[in-house]
Structures are given as structure tokens and as C-alpha cells.
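Trainee: could you work out the structure for the sequence below:
(chains A and B)
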Amino acid sequence: MNLIPWRRRRHDSEARKRSELAAPLHEFRSELDRLFEDFFRDPWSVTEPSAMSRLTATPAIDLSENDKTITIRAEVPGMDPDDIDVNVSGNILTITGENREEKESHEENYYHVERRHGSFRRSIELPESADLDKIEAEQRNGVLTIHVAKQPTATSKQISVKGAKGEKAEVAAGPH
Amino acid sequence: MSNRQIEVNRTGSGAPERERERERVSGRWSYRPRVDVYDVNDELLVLADVPGAHPEKIDVQFDDGVLRIHAHVEPRQPAETAFIDHEYGIGDFDREIEIGDIIDPDKVDAEMKHGVLRITLPKSAAAKPRRIPVKQKK
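Mentor: Reported below is the predicted structural model:
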């Protein structure tokens, strides 16, 4: 990584912006392809503020559960907890947020930009067992953790399978 | 058939971010944090995403023109956790950024906020922008 040559790339970001408006999906695809190419050619290569960083991001999550709780974790570095919203509508839990830091003051003087700037959104459909009144969210060191309690009645229970009478008779008659 | 109870919406306006770039370093996975580098008047500003790293477990070094960031990340879940969905890996972050000799190594400063490491590197006196007065010829 050398600081100086990065500056040359700045001029074509305007053209990129225009084509992004015209064909956002196509732009997104080719942006992805470009990032892949760049990465495999040279993992330390230079990137500019890309179309991807301006689209609404979909943060990666991990999801785990035990008998009592469903836990959702997302990495949201740089987000002020006040700028993150966790909403439940029906059984859909949605995380939204907007990253406001540093945006205005430094955009014109960048050497290198990889981090996400802008908004993100992610929806997760909760199972019936979720107790929608018992959802807690906290953010610590850039990691958002959401705990959703499970309703006590929803713990797994054994369901016996009854066969119809006729079937039973047939099975019993089988070996003879 | 999967035994999933939770459906995860993968549409939205973009696919979830792919697995972060990582490499094997002495028997563990090391992740490459996303960084921004800005030129702000008298200093360079480096921002690095290190979500999950505790501020006390971060090591920042500047040596021979190279800025090295290492951030240790503790596991977030007990080892026996049953994951329904596990879209990103968790591990330490490592990155090296070649800065050169334009900054003053004694004045490098770092702080953490909301999982972002913010490193300020004041420029050396020789590299600071200077205004050149234009003299009028009499």
C-alpha cells in the first residue's frame, strides 16, 4: 500500500455515480465482480469509495439458540447505539441504522476508503416460539446483540404418532 | 430438509457481506479489517473496523514507516453453541499500512469508539502543507 498513487483514481468516481443511478443492480453486480477481481489480483490493492459502500448494506449476522433464548449478533462498527433501530412488526425483526460519522468532513480528502458509510438494513423472521414482548438489544465494541426470549410453552415436546386402526391391524398381521 | 426454525431474509438491497478476507497466521485465522485513510490538513487519519475487539486488547505499532494494527477478539459464544446461521467468522484482526516517513512517529495516537479504531498520525514538519507567500515585484 502506497499512499500517493491512490489519488489518481478519484476523477472517475463521478462517472460511477451517474451509472449507478441508471442501473443500480447492474452496477452492484459489476462492483462485486470488480472487488473480487481486485482482491484476487492483489489483496492489498487500492479501492476507492465504491458503489457498494453507498448502497444500503446488509450486515452479516450470526444466529444461535438454546432452550430459552434466540440470539442474533451483527457487526456494526462505527454505529452510535442511538443510530440503530430494532423493530418488530408481526414476527419480522428488522435492524436498521445509519452511519453518520466522519462522512461530511473527510470525504474529499481520502486516500483509501473501504469501510461502510451509509445505511444498513436486515430482516429476520422469528419463529412462533419467540416471545415478541421480551426482546433486548445492546451494542458493545461495535457488535449488536439481540436476545429474543422463547415462550416457555414452546419448548420441544414429544408428540406420539398414532396410526389408524386399520394400519395397525395390517402391521400386526404382517409377519404371519 | 433443514431443521431451521428461523428464516433469514437474504434479499434486501444487497446480499449479505461475504466472508471477510482472512488468512491463516500461526495456527489461527486472522481477519483483515476494513480501513479508511484520510488526509486531514496536518495529519493522516486511519479508521479501522475492529468490531468485537476490547480496547485493551489492541496493539498499534509504527515502525520504519509501517503502521501495524493487531486487535484480539474473544469468542462471542460458548464453544458448544448451536448456530442456526453463521455468516461471518470471528477472530483477531491484523493489518499493515505503509505510511512512509511523512509523519512524526512520536505523536501517533489511537483511540477506540464503537468498534472502530481511530489512529491519528500528525505529519512531520517537512510534510505539512505550507502557504507560500507570493511577493509582489516592485
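
Trainee: please make it C-alpha for all contacts and neighbour counts, starting now.
Mentor: OK.

Trainee: the top strand by length along chain A pairs with which strands?
Mentor: As assigned by DSSP state E, the longest strand anywhere in chain A is strand A:130-140. Note on strand A:130-140: by DSSP bridges, its sheet partners are strand A:143-150 (antiparallel).

Trainee: list the contacts for residue B:105?
Mentor: By CA atoms under 8 Å, 6 or more residues apart in numbering or on different chains, the contact set of residue B:105 is B:62-63, B:121.

Trainee: looking at those, state which has the most neighbours.
Mentor: residue B:121 (25 neighbours; other CA atoms under 10 Å in any protein chain shown).

Trainee: number of nearby residues for residue B:131?
Mentor: 6.

Trainee: surely it is within a helix?
Mentor: No: with DSSP: H, G, I helix; E, B strand; the rest coil as the criterion, residue B:131 is assigned coil and is not in a helix.

Trainee: and it, what pLDDT?
Mentor: At residue B:131, the model reports a pLDDT of 81.

Trainee: check residue B:68 too.
Mentor: On pLDDT, residue B:68 comes in at 94.

Trainee: one more: residue A:107?
Mentor: 57.

Trainee: and the longest strand of chain A, what's its mean pLDDT?
Mentor: Rounded mean pLDDT across strand A:130-140 is 92.

Trainee: who's in contact with that strand?
Mentor: A:70, A:81, A:86, A:88, A:91, A:144-151, B:52, B:114-115.

Trainee: can you tell me which of those residues are buried?
Mentor: A:70, A:81, A:86, A:88, A:144-151, B:52, B:114-115 (16 or more other CA atoms under 10 Å in any protein chain shown).

Trainee: tell me the least confident of those residues?
Mentor: Minimum pLDDT across those falls on residue A:151, with 86.

Trainee: residue contacts, that residue?
Mentor: Counting by CA under 8 Å, 6+ apart, residue A:151 makes contact with A:68, A:129-131.

Trainee: now the closest residue to residue A:128 other than its chain neighbours: how far from chain B?
Mentor: Distances taken as CA to CA, 6 or more residues apart in numbering or on different chains put residue A:91 closest to residue A:128, at 7.7 Å, once the chain neighbours are dropped. Per CA to the nearest CA, to the nearest Å, residue A:91 is found 10 Å from chain B.

Trainee: try residue A:70
Mentor: Separation of residue A:70 from chain B (CA to the nearest CA): 10 Å.

Trainee: doesn't residue A:63 make contact with that residue?
Mentor: Yes: between residue A:70 and residue A:63 there is a contact at 7.2 Å, judged by CA atoms under 8 Å.

Trainee: tell me which stretches of chain A form strands.
Mentor: Using DSSP E, strands in chain A cover A:61-65, A:69-75, A:84-89, A:92-98, A:110-113, A:119-125, A:130-140, A:143-150.

Trainee: could I get the contacts of residue A:151 as CSV with neighbour count?
Mentor: Converted to CSV, these look like this (neighbours: other CA atoms under 10 Å in any protein chain shown):
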residue, neighbour count
A:68, 16
A:129, 19
A:130, 19
A:131, 18
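
Trainee: got the contact list for residue B:128?
Mentor: Counting by CA under 8 Å, 6+ apart, residue B:128 has contacts B:41-42.

Trainee: also residue B:115?
Mentor: A:76-78, A:140-143, B:49-53.

Trainee: and the contacts of stretch A:67-83?
Mentor: A:59-65, A:97-101, A:130, A:138-139, A:141-152, A:155, B:49-52, B:113-116.

Trainee: go with 6 Å
Mentor: Stretch A:67-83 is touched from outside by A:61-65, A:97, A:99, A:142-150, B:49, B:51, B:114-116, with contacts defined as CA atoms under 6 Å, 6 or more residues apart in numbering or on different chains.

Trainee: where does residue 50 land on pLDDT?
Mentor: Let's take chain A. Model confidence at residue A:50 (pLDDT) stands at 46.

Trainee: actually, chain B is the one I wanted.
Mentor: So, for residue B:50, pLDDT stands at 94.

Trainee: repeat that for residue B:35.
Mentor: At residue B:35, pLDDT is 91.

Trainee: and what of the one 3 residues further on?
Mentor: Taken from the predicted model, the pLDDT recorded for residue B:38 is 88.

Trainee: that one and residue A:113 touch, don't they?
Mentor: No: in this structure, residue B:38 is not within contact of residue A:113 by CA atoms under 6 Å, at 8.3 Å.

Trainee: straight-line length of stretch B:125-134, end to end?
Mentor: The first residue of stretch B:125-134 is 21 Å away from its last residue (CA to CA, to the nearest Å).
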